[in-house]
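Q: compute the structure for the input listed below.
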Amino acid sequence: MLGASGFLGNALFKELSPYYDVYGTYSRDNSTMDKNKRMFQWDTETEFVSLLLNELAPDIIISAIRGDFTAQVHSHFEIIEYLIRFQKKLIFISSANVFDVFTNYPSYEYDKTLSDSVYGRFKIKIENALLRLPNHLYSIVRLPMIYGHNSPRVKELTVLHNLKETIEVFPNVVMNATTHDKFVQQLHYIINRDLEGVFHLGSKDLIHHKELVYEILKGLNLENPIFKNVYNSNEDRYIAVIPKENILPKNLQISIDEVVKNSVKLS
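A: Next up, the predicted model:
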C-alpha cells in the first residue's frame with residue numbers, strides 16, 4: 001500500500017492487515033514506523049517505485065499517496081509497467097474533483113471526466129492511463145469529501161471553532177460525502193470480491209456543504225460558529241460522485257445522516 005502513513009492509508013492498513021499480507025510505505029522519517037517490518041520508507045520524489053515493487057512483488061497495489069503531482073504521475077506510470085508485465089492489479093484512489101467542471105448535476109462512474117483544477121487534472125491523467133488497460137488490471141475508486149470521527153476535516157472544524165476563527169463554507173455547493181470507516185469496509189469488499197472497474201464511494205444522498213458542516217458542528221455541541229460564505233456561482237453547483245453501474249450491497253452504502261453521526265461520535 002503506497003501512502004500507508006496518511007489518514008486514509010493508515011485506516012486501510014489497519015482494516016486489511018488481519019486478513020491479508022499487507023506492506024505499506026511512508027515518506028518522512030518516523031521512528032515508530034522504522035521499527036515496523038511491514039513498513040518501508042519511500043519518497044516518490046527521489047526514488048523509483050519499481051525497486052520496491054520488484055522487492056515485494058505485490059499482487060495488489062493500493063495507491064493512497066500524496067505529494068508532488070509530477071512525481072506521482074511518474075510513479076504511477078512505473079506501476080502500470082509492473083501491472084502489464086506481471087498481470088497484477090492497482091486500486092487507484094481518485095477524487096470527485098475529476099468532474100469539477102460539470103456543475104449542473106451529479107457524476108456517475110462512466111461519465112466523461114473534465115477538470116479545471118490542477119488536482120483534478122492530475123487525477124484524470126492517471127485515470128486515463130489506467131482506463132486504457134485491460135479491466136482486470138485496475139480499479140478506480142473516486143471519493144467525495146471524507147469526514148468521520150477524528151478525521152482531519154472534523155478536527156479542523158473543532159480547532160477553528162474553539163479559536164473563534166471563521167469556518168469557510170460553500171452554501172451553493174451540493175455534494176455527497178463519506179467516512180473513513182465506511183470507505184475501508186467498501187474497499188475491503190472490493191478486494192475480497194476481486195471487483196473491477198470504476199467505483200463511486202460517496203453517500204447515496206446529497207446535501208449542501210454549509211448544511212453538512214452545520215450539522216456536524218451541532219452534533220459536536222459547538223455553538224455559534226462563525227461562517228464565511230463563499231459563493232462560486234449564483235446557482236447550486238454539484239460536486240458529487242454517485243454510483244449507478246457498480247452499486248455495492250446495502251450494508252456497505254452510507255447516507256449523509258450516517259456521515260454526521262459517525263463524525264460526532266467520541267471514539
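Q: from here on, just use CA atoms for contacts and neighbour counts.
A: OK.
Q: pLDDT score for the closest residue to Lys88 other than its chain neighbours?
A: Of all residues not flanking Lys88 in the chain, Asp59 sits nearest, at 5.2 Å (CA to CA, 6 or more residues apart in numbering). Note for Asp59: predicted pLDDT of 97.
Q: phi first, then psi, for Asp59.
A: phi -80, psi -30 (degrees, to the nearest 10).
Q: right, and it touches Ile91 too?
A: No. Taking contacts as CA atoms under 8 Å, Asp59 lies outside contact range of Ile91: 10.9 Å.
Q: between the two, tell me which one has more neighbours.
A: Between Asp59 and Ile91, counted using other CA atoms under 10 Å, Ile91 has the larger neighbour count: 23 against 12.
Q: can I assume that one sits in a strand?
A: Yes. Using DSSP: H, G, I helix; E, B strand; the rest coil, the assignment for Ile91 is a strand.
Q: what distance do you get for it to Met1?
A: 9 Å (CA to CA, to the nearest Å).
Q: got any residues that touch both of the two?
A: 61-63 (CA atoms under 8 Å, 6 or more residues apart in numbering).
Q: separate out the buried members of those residues.
A: Using 16 or more other CA atoms under 10 Å as the burial test, the shared contacts of Ile91 and Met1 include 61-63 as buried.
Q: among the residues you listed, which are in strands?
A: Among the buried ones among the shared contacts of Ile91 and Met1, the members found in strands (DSSP state E) are 61-63.
Q: now the shared contacts of Ile91 and Met1 in CSV, with distance to Asn224?
A: Listed next are those as CSV, based on distance: CA to CA, whole Å:
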residue, distance to Asn224
Ile61, 45
Ile62, 41
Ser63, 39
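Q: OK, contacts around the residue lying closest to Ala71 once chain neighbours are set aside?
A: Once flanking residues are discounted, Ala71 sits nearest to Glu45: 5.2 Å by CA to CA, 6+ apart. For Glu45, the contacting residues are 68, 71-72, by CA under 8 Å, 6+ apart.
Q: separation between Glu45 and Asn128?
A: 22 Å.
Q: cool, and His209?
A: In terms of CA to CA, His209 sits 29 Å off from Asn128.
Q: what does Gly219 give?
A: For Gly219, the distance to Asn128 - CA to CA - is 40 Å.
Q: between the two, which one's more packed in?
A: More crowded of Gly219 and Asn128, by other CA under 10 Å: Gly219, with 16 against 11.
Q: next one, pLDDT for that one please.
A: Looking at Gly219, its pLDDT reads 97.
Q: run a quick neighbour tally on Tyr231.
A: Residues near Tyr231, counting by other CA under 10 Å, number 14.
Q: residue ranges of the helices in the stretch 101-250 of the chain, please?
A: Using DSSP state H, counting those that start in this stretch, the helices found in the stretch 101-250 of the chain span residues 118-131, 152-162, 180-192, 209-219.
Q: save these as CSV, and put in distance to Val198 too.
A: Below are those laid out as CSV (distance: least, CA to CA, whole Å):
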stretch, distance to Val198
helix 118-131, 9
helix 152-162, 25
helix 180-192, 11
helix 209-219, 25
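Q: please name whichever of those helices is nearest to Asn97.
A: helix 118-131 (4.7 Å; CA to CA).
Q: next, the buried residues of the closest one.
A: 120-124, 126-127, 130.
Q: for stretch 209-219, same thing?
A: For stretch 209-219, burial by neighbour count (16+ other CA under 10 Å) applies to 209-210, 212-217, 219.
Q: and what of stretch 229-240?
A: Result for stretch 229-240 [16+ other CA under 10 Å]: buried residues 236-240.
Q: tell me the one of those residues nearest Asn162?
A: Ile239 (28.6 Å).
Q: hang on, isn't the closest one packed against Tyr108?
A: No. With contact defined as CA under 8 Å, Ile239 and Tyr108 do not form a contacting pair (11.1 Å).
Q: tell me the spacing between the residue sitting furthest away from the middle of the chain and Asp194.
A: Most distant from the centre of the chain: Asn224, at 30.4 Å, with distances by CA atoms, centre = their mean. According to CA to CA, Asn224 stands 47 Å off from Asp194.
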